[in-house]
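Visitor: build me a model from this:
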Amino acid sequence: MLTSLLFSAWLGARQTPWILLGVVLDILFSDPPWRYHPVRLIGHVIDILELLSRLLARSPLQLRIAGVLLVVVVLSGVSALVTALLIIAHVVSIWAFRLLIALLTYWGIAIRGLAEAAIAIYRPLAQGRWEEARFYLSMIVGRETENLDSAGIIRGTIESVAENTCDGIVAPMFFAFLLGPAGLWLYKAANTMDSMIGHNNAQYHDLGWAAAKMDDILNWIPARISGMAIAVSAILDGRFHQSYQTMRKDGRRHPSPNSGISEAAMAGALDVQLGGFNSYDGVVSLRPKIGQGKSPLTVPMIIHAISIVMRVALLVSLAFAFLAVSLTGRWLS
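Guide: Next up is the predicted model:
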């Protein structure tokens with residue numbers, strides 16, 4: 001009985017219609033900005049564990065060990081909790097189980113949220129309100145935004161949109177269809193840890209090392225799916241070849257083994273060049289140039305990038321659903 005329930009909870013391919021319902025809910029309503037959102041709760045747990053780790057660990061080696069334990073505790077705890085909730089819901093009612101799948105998927109992806117974050121930057125920028133645009137950009141990037149000109153704001157927005165196409169859309173869908181909501185939230189926990197402590201600086205170099213590596217591992221396949229999906233979506237603009245070739249040529253030039261894939265694909269899809277000067281907490285970072293595009297960075301390109309993201313979301317949803325149904329031979333279960 002328990003084995004059957006675990007199988008039902010973790011086999012995402014059998015949950016296709018309810019995962020897709022969660023995707024539709026996200027597109028229609030966006031992510032609810034409430035204090036008990038699962039990502040925020042995970043963030044609070046990570047804050048507590050970080051504080052505890054720093055109290056107990058002092059040397060670089062101790063901090064690395066504490067970082068590994070932090071990753072193990074958070075990932076096992078989140079996946080076990082989600083699995084337990086799914087099993088309880090299944091015991092109560094099959095419809096409670098299906099509703100929970102839809103809600104966990106809805107809370108775990110960010111299609112509309114990513115679009116809204118980019119539009120929040122686009123609107124003031126289009127009206128010449130640079131300070132407001134810089135503020136909204138600072139909400140989605142880690143770089144300093146205070147002194148960015150219009151081109152810098154546009155570049156930062158496009159780079160963030162491209163990177164989060166993987167982190168916020170493709171990767172959560174990939175793990176949802178592969179391992180169900182428990183797999184999705186295992187990924188979300190890893191991605192949240194990376195965004196909070198996976199920084200390559202003096203403060204987090206040792207404690208956040210394991211979190212950063214885990215995020216790199218989990219994102220390896222989704223990042224490449226994201227790049228291909230962006231390239232395929234660029235067919236409507238007549239730039240599939242350009243996007244694909246840019247991804248292959250420049251995708252590995254980025255410091256991250258994954259972020260550069262989607263950024264390069266997006267650079268080719270928009271016919272622009274990304275990368276260059278960034279500043280993080282006063283430390284200058286000169287990123288390699290990505291893309292050979294000759295088009296200037298213009299404000300409408302933000303909307304163009306959003307349209308590509310929406311195409312990617314549709315393409316990936318349908319592709320994963322088709323594969324899931326093909327493998328299981330079932331639609332409704």
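
Visitor: list the contacts for the residue nearest to the spatial centre of the chain?
Guide: Taking Cα atoms, centre = their mean, the centroid of the chain lies closest to residue 167, which sits 1.2 Å from it. Under the criterion of Cβ atoms under 8 Å, 6 or more residues apart in numbering, the neighbours of residue 167 are 191, 219. Where you see a C-beta, it was placed from the backbone N, CA and C, and this is true even at glycine.

Visitor: if we use 6 Å, what do you get?
Guide: By Cβ atoms under 6 Å, 6 or more residues apart in numbering, residue 167 lies in contact with residue 191.

Visitor: check it and give its pLDDT.
Guide: For residue 167, the model assigns a pLDDT of 94.

Visitor: and if you look at residue 294?
Guide: 81.

Visitor: ok, and the closest non-adjacent residue to it?
Guide: Distances taken as Cβ to Cβ, 6 or more residues apart in numbering place residue 271 nearest to residue 294, at 6.9 Å, with adjacent residues excluded.

Visitor: pretty sure the one you found is touching residue 293, no?
Guide: Yes - look at residue 271 against residue 293 with Cβ atoms under 6 Å: they come within range, at 3.9 Å.

Visitor: that older thread, now the residue nearest to the centre of the chain: how far from residue 256?
Guide: Distance, residue 167 to residue 256, using Cβ to Cβ, to the nearest Å: 11 Å.

Visitor: which of the residues in stretch 143-154 are buried?
Guide: 143, 144, 145, 148, 152, 153, 154 (16 or more other Cβ atoms under 10 Å).

Visitor: report the two of those separated the most.
Guide: Distances among those were taken as Cβ to Cβ; the most separated pair is 144 and 154, at 16.2 Å.

Visitor: what lies in contact with stretch 252-270?
Guide: 159, 162-163, 165-166, 216, 219, 223-224, 226-227, 230-231, 234, 239, 242-243, 246-247, 250-251, 274, 288, 290-291, 301, 308.

Visitor: filter these to the buried ones?
Guide: If we count by 16+ other Cβ under 10 Å, the contacts of stretch 252-270 have these buried: 159, 162-163, 165-166, 216, 219, 223-224, 226-227, 230-231, 234, 239, 242-243, 246-247, 250-251, 274, 290-291, 301, 308.

Visitor: keep only those of those residues that are in helices.
Guide: In helices, judged by DSSP state H, the following of those are found: 159, 162-163, 165, 216, 219, 223-224, 226-227, 230-231, 242-243, 246-247, 250, 301, 308.

Visitor: tabulate the buried residues of stretch 143-154 (TSV), appending distance to residue 75 and pLDDT.
Guide: Below are the buried residues of stretch 143-154 laid out as TSV (distance: Cβ to Cβ, whole Å; pLDDT from 0 to 100):
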residue	distance to residue 75	pLDDT
143	28	77
144	31	78
145	32	79
148	36	86
152	36	90
153	35	92
154	36	94
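
Visitor: out of those residues, list just those in helices.
Guide: Reading helices off the buried residues of stretch 143-154 with DSSP H, I get 152, 153, 154.
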